[in-house]
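> here's a sequence, model it:
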Amino acid sequence: MIRRCCSLFVVVLTAASLLASSDAPAPNPELSAANQLYRSGRFAEAADKYQSILKSDPKLIAAQAGLIRSWLRQEKVDEALAAATADLAAQPNSAPLLASMGDVQFRIAKMAEAEGYYQKALAADPRQVQALLGLARLYDAYSLYRQAYNQLQIAHQVAPNDPDIQRRWFDELPRKERIAAIEAYLAGPHPDDAEETEHLRHYLEFLRATVDKPVHACRLVNHVEATEAKLESLLYDPKTVVGYGLAVKLNDHKVRLQLDTGSSGIMVGRKAAEKAGLTRISEMSYRGIGDKGAQTGYLAVADHIKIGDLDYQDCVVHVSDRASIVDEEGLIGADVFSSWLIDIDLPNQKLRLSALPKRPNEAAAPKSLDTQGEDRTGPDDSDEAAAQPQTAEAKAPANSGAKPASRLPQDAYVAPEMATWTKVFRFDHALLIPTSVDHSLPMLFLIDTGSTSNALSQHAARQVTKTSADPYTQVKGLSGEVNKVYRAANANLTFGHLAQKNQSVLTLDLSALTHSIGTEVSGFIGFSTLRLLEMKIDYRDGLVDFAYDAKRWGAGAKF
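Okay, here's the model as predicted:
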């Protein structure tokens, strides 16, 4: 999907799926009404209905699980955790309750615990749809894309009409079938909030506008095995560097785009798009840090994009209706280079791209810019590739929902030379790295060169430190200015193989980002720290590595 116009995957498991187990009893009328409220996105009403049912039947598992998920959808995480803990204590072998606890653990970023509960649920009932979907989502975050696909395929075979399975299955369909599936999904009740529904409608508009045209694949048209580009300083004032950017040519118009590991694809302001003569396709909306909510824009196509030695053709670009993007001409997410091994050397202001390590028995992968925010985890999955002749052995059975083996996604591969790199959790473009604050248990922080400073969520700050209002700091993001900014007391941050001492950390409300991703995002590792490091990223395999030059920076950096 176009990830800018379709929100990151959110936990939207329906109560109806609770009934997918082969031995599940038929629901009673009250339970059916509660399930329908949930399916329609009326989560507060559904929660009230489930609670009413449980007053007369306290051990009705379907109502217990439905209540837990209703609370999760309302971001009442503490209530969901308390209910799941109490319910499981009374019925420890219940597959729906085990799966529900898996969802709660995933939401609070306890990934190993979530996997354990999902696996226990499937041991009790191999057709437990919530556990299958939970593992699919979890394995995606692990970069185990084949395993994620396997779990999703089984879930689709068990309950193909479940709305949550349908939503996850859209990406597996050819474009014409995808259009019909999304139209049918939107026409009926579905458990998405207004913003998620709007994103999906915009994506449908994009598909309709491009269905009879070749896929905008953003292919590299010149032969480049490795390349290097200069990173240009972005200044707040003559002495203060707040980021680094790349010189990019959209068609023949030169723009300077901030290199932002916290963003996806290429986004430019309206003025830059007009000067570059980009071809408008369809509307879109997007959101980021800031208190002004979702912003408007559109998707467009650049005939060619040039970055240093690289020359690409037929690329999707995201355009904001605003004249500029956070005081710059635009942003370029590091994920656009996800088919390369990325070396962002911030101290020396260099971006280096080289070939990813080959998997055993694998040919070199094609190089493309991922300007659409797609996951490129396997061979080309375009309609054109799907239409190519296949051998009898490679063909999938008709209507099976299965892909031929040659087009299946692949699991992460850790090359021997990367054995000491740090595994991160990947949610589309977002790379979340386990981070400790003052020796706390690990939390998940977004690696974000687009954030000027390190940041801590208000939720995490309450657990690990003290905060105070900071009226002198201005924070702006894609969704405008943050109204209330706080600052935490000096904190020690530990991530990867590094520890940085006595860092002043901004404290922000990250609840919208957490809701969008579906798991707790406790903070950012921002530019103030990353500017001291050489950072290597392997998006394909979910790996990062950091190098700190102590001789260059000395004790002042406090690493």
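
> parallel or antiparallel, list what pairs with the helix or strand encompassing L506.
Using DSSP states H and E, L506 sits within strand 498-508. Take DSSP bridges as the rule and strand 498-508 pairs in its sheet with strand 455-457 (parallel), strand 486-495 (antiparallel).

> average pLDDT for stretch 226-245?
Computed over stretch 226-245, the mean pLDDT rounds to 91.

> what is the end-to-end distance of it?
Stretch 226-245 has an end-to-end distance of 19 Å (Cα to Cα, to the nearest Å).

> what secondary structure does the closest residue in space to F337 that isn't next to it in sequence sit in?
If you skip the residues right next to it in sequence, F337 has L353 as its closest partner in space, 5.8 Å away by Cβ to Cβ, 6 or more residues apart in numbering. Heads up, the C-betas are built off the backbone N, CA and C, glycines and all. Recorded secondary structure, L353: strand (DSSP: H, G, I helix; E, B strand; the rest coil).

> mind showing which ranges of the stretch 451-559 of the chain have poor pLDDT?
The stretch 451-559 of the chain contains residues with pLDDT under 70 at 467-483, 485-486, 502-503, 555-558.

> can you check the chain too?
Scanning the chain for pLDDT under 70 picks out 1-27, 287-294, 323-327, 364-369, 371-406, 467-483, 485-486, 502-503, 555-558.

> assess the claim that the residue nearest to F337 and A226 are in contact.
Yes. Assessed by Cβ atoms under 8 Å, L353 is found in contact with A226 at 6.4 Å.

> the two: who's more crowded?
Neighbour totals were compared for L353 and A226, and L353 leads with 22 against 12 (other Cβ atoms under 10 Å).

> quick check: bridge partners of the more buried one?
According to DSSP bridges, the partner residues bridging L353 are T227, I342.

> how near is it to L530?
18 Å (Cβ to Cβ, to the nearest Å).

> check which helices and strands the host helix or strand of S282 sits against.
Following DSSP H and E, one finds S282 within strand 279-286. With contacts defined as 3 or more Cβ pairs under 8 Å, 6 or more residues apart in numbering; DSSP states H and E, the packing partners of strand 279-286 are helix 194-210, strand 295-307, strand 310-320.

> most tightly surrounded among the ones you listed?
Of all the helices and strands packed on strand 279-286, strand 310-320 carries the top mean neighbour count, a mean of 22, counting by mean count of other Cβ atoms under 10 Å.

> would you pull up how far that strand lies from the middle of the chain?
Offset of strand 310-320 from its chain centre (Cα atoms, centre = their mean, to the nearest Å): 21 Å.

> so what are the sheet partners of it and their directions?
Here, using DSSP bridges, strand 310-320 pairs with strand 219-220 (antiparallel), strand 266-269 (parallel), strand 295-307 (antiparallel).

> export those to a markdown table and tack on distance to R280?
A markdown table is the format used below for the strands paired with strand 310-320 (distance: least, Cβ to Cβ, whole Å):
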| stretch | distance to R280 |
| --- | --- |
| strand 219-220 | 21 |
| strand 266-269 | 13 |
| strand 295-307 | 5 |
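
> hey, where'd the helices end up in the stretch 351-500 of the chain?
Counting by DSSP state H, counting those that start in this stretch, the stretch 351-500 of the chain has these helices, from start to end: 383-386, 458-464.

> which one of the strands paired with strand 310-320 lies nearest to G526?
Within the strands paired with strand 310-320, the stretch nearest G526 is strand 266-269; the backing value is 19.0 Å (Cβ to Cβ).

> quick check: what element follows that closest one along the chain?
Per DSSP H and E, the first helix or strand lying C-terminal to strand 266-269 is helix 270-276.

> distance to R39 added to the helices and strands packed on strand 279-286, as TSV?
Converted to TSV, those look like this (distance: least, Cβ to Cβ, whole Å):
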stretch	distance to R39
helix 194-210	14
strand 295-307	29
strand 310-320	31
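
> which stretch among those comes nearest P126?
Nearest of the helices and strands packed on strand 279-286 (Cβ to Cβ): helix 194-210, 30.0 Å.

> where exactly do the helices run in the stretch 101-250 of the chain?
Under DSSP H, counting those that start in this stretch, the stretch 101-250 of the chain gives helices at 111-124, 129-141, 145-158, 163-169, 175-187, 194-210.

> just those: most buried one?
Mean neighbour counts were compared across the helices of the stretch 101-250 of the chain using mean count of other Cβ under 10 Å; the top stretch is helix 129-141, at a mean of 27.

> helices or strands next to that one in the packing?
Taking 3+ Cβ pairs under 8 Å, 6+ apart as the contact cut, helix 129-141 packs with helix 95-107, helix 111-124, helix 145-158, helix 163-169, strand 425-427.

> export the ones you listed to JSON lines and tack on distance to T279?
Output for the helices and strands packed on helix 129-141, formatted as JSON lines (distance: least, Cβ to Cβ, whole Å):
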{"stretch": "helix 95-107", "distance to T279": "40"}
{"stretch": "helix 111-124", "distance to T279": "41"}
{"stretch": "helix 145-158", "distance to T279": "32"}
{"stretch": "helix 163-169", "distance to T279": "29"}
{"stretch": "strand 425-427", "distance to T279": "30"}
